[in-house]
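Asker: Dropping a prediction and its sequence here:
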Amino acid sequence: MSKSSKKEAGTELSRDKIVSRIYDHIIRQANIDPLFLDCSLDNFDSSILSSQNQKIFKKFYKYVKDISTAMKLPQSVYLYSKYPGIGKTHLAVAALKKAAREIAEEEFKNKETVRQGIFPYHPNWSPVYFLNVSEGLMDIKNDIEGSEKDFSQSQIYQNVKLARLVVLDDIFNEIRFTPFVLETLLYWVDYRLKNNLATIFTSNHNFEIFLDEETTPVTNERLGAVARNTASRVSKMVQGYKLAFDSSPKTDYRRKY
Ligand SMILES: Nc1ncnc2c1ncn2[C@@H]1O[C@H](COP(=O)(O)OP(=O)(O)OP(=O)(O)O)[C@@H](O)[C@H]1O
Ligand SMILES: [Mg+2]
């Protein structure tokens, strides 16, 4: 190996090391359920999908490959299937991990201090964030219970508000639509829409049911309006990217393998 290519190889090695360190930090902070940490596009078997679902998968695949553009635009996505286990959460996590990789590389490219090997990140820095909505809302409640804190001071609450890419997993799947659930969701969605932040939603419910008085499951008039306002913002954010998988009890991957 010549002197210059040796040097290049050395630079590449430290580049990879630094990018990996940033990536690992982002992932540790992303709140991804350990069960889903290995999910990627590479280990998603699309061959088992129906041809209609393969088309939807291809659209999402392209979206993930170009996740930097999606974050810039921003373009949000609604992954929907009536029945569970088709792989929505798997795919959403794959997108989040790709975004983490892109952000780590961007940091290396744009920051000289980072290239010099300095690690200038706050332990709480969470540019990508995963939240299972019902579990996350419960965690926020537990976080503040018995303390003087207002729930908006919870770190989880702030991360969902501010991260460059957020997965809101199982949105609208709640059994009970309480004021806390619906008002928090509206606040997050409204903030992210206004601040041009991309969001990936997964759900077993079509958000459109909340738009119409005839179909909304929220019976209370005021809360029905809160849910409608949320759904109408979601609708705006995911235009062209409402990806509805055809599903049945037979398409549940958990029961197959
Ligand atoms: N096509 C697939 N290839 C590989 N693994 C898959 C595939 N589909 C689903 N899985 C795996 O099956 C499990 C269930 O998938 P996942 O949780 O993503 O489904 P979901 O659509 O989010 O379900 P739910 O509606 O219950 O939230 C996960 O462990 C996931 O990694
Ligand atoms: Mg899921």
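Answerer: Noted; the coordinates are in hand. Ligands and ions are numbered 1, 2, ... in the order given.

Asker: contacting residues around the one helix or strand Q158 maps to?
Answerer: Q158 is located in helix 155-162, with elements delineated by DSSP states H and E. Under the criterion C-beta atoms under 8 Å, 6 or more residues apart in numbering, residues 31, 124, 126, 129, 131, 136, 139-140, 143, 151-152, 166, 168, 184, 187-188, 191-192, 197 lie in contact with helix 155-162. All C-beta spots, glycine's among them, are computed from the backbone N, C-alpha and C.

Asker: one more time with 7 Å, if that's ok
Answerer: With C-beta atoms under 7 Å, 6 or more residues apart in numbering as the test, helix 155-162 has contacts from 124, 126, 129, 131, 136, 139-140, 143, 151, 166, 188, 191.

Asker: What residues of that helix count as buried?
Answerer: Buried residues in helix 155-162, counted by 16 or more other C-beta atoms under 10 Å: 156-157, 159-161.

Asker: cool, stretch 17-37 as well?
Answerer: Result for stretch 17-37 [16+ other C-beta under 10 Å]: buried residues 18-19, 21-23, 25-27, 29-32, 36.

Asker: How far does it sit from its chain's centre?
Answerer: Relative to the chain's own centre, stretch 17-37 is displaced by 14 Å; criterion: C-alpha atoms, centre = their mean, to the nearest Å.

Asker: so does that stretch get close to ligand 2?
Answerer: No: Stretch 17-37 lies out of reach of ligand 2 by C-beta under 5 Å from the ion, never closer than 8.7 Å.

Asker: ok, now stretch 173-181?
Answerer: No: for stretch 173-181, no contact with ligand 2 is found by C-beta under 5 Å from the ion; the gap never falls below 8.8 Å.

Asker: hmm, which of the contacts of helix 155-162 are the buried ones?
Answerer: Buried by 16+ other C-beta under 10 Å: 126, 129, 131, 136, 139-140, 143, 166, 188, out of the contacts of helix 155-162.

Asker: Take the residues you listed and keep only those in helices.
Answerer: Among these, DSSP state H puts 136, 139-140, 143, 188 in helices.

Asker: per-residue confidence averaged over stretch 167-183?
Answerer: For stretch 167-183, mean pLDDT rounds to 95.

Asker: Next: stretch 61-80.
Answerer: Here the average pLDDT along stretch 61-80 is 98.

Asker: So the most centrally placed residue in the chain versus L243, what's the distance?
Answerer: Geometric centre of the chain, nearest residue: V167, 1.8 Å, by C-alpha atoms, centre = their mean. Taking C-beta to C-beta, to the nearest Å as the measure, V167 falls 14 Å from L243.

Asker: about what we covered before: can you convert the buried residues of helix 155-162 into a markdown table and add a column each for distance to ligand 2 and pLDDT?
Answerer: What follows is the buried residues of helix 155-162, written out as a markdown table (distance: C-beta to the ion, whole Å; pLDDT from 0 to 100):
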| residue | distance to ligand 2 | pLDDT |
| --- | --- | --- |
| I156 | 19 | 95 |
| Y157 | 22 | 96 |
| N159 | 19 | 97 |
| V160 | 17 | 98 |
| K161 | 22 | 98 |
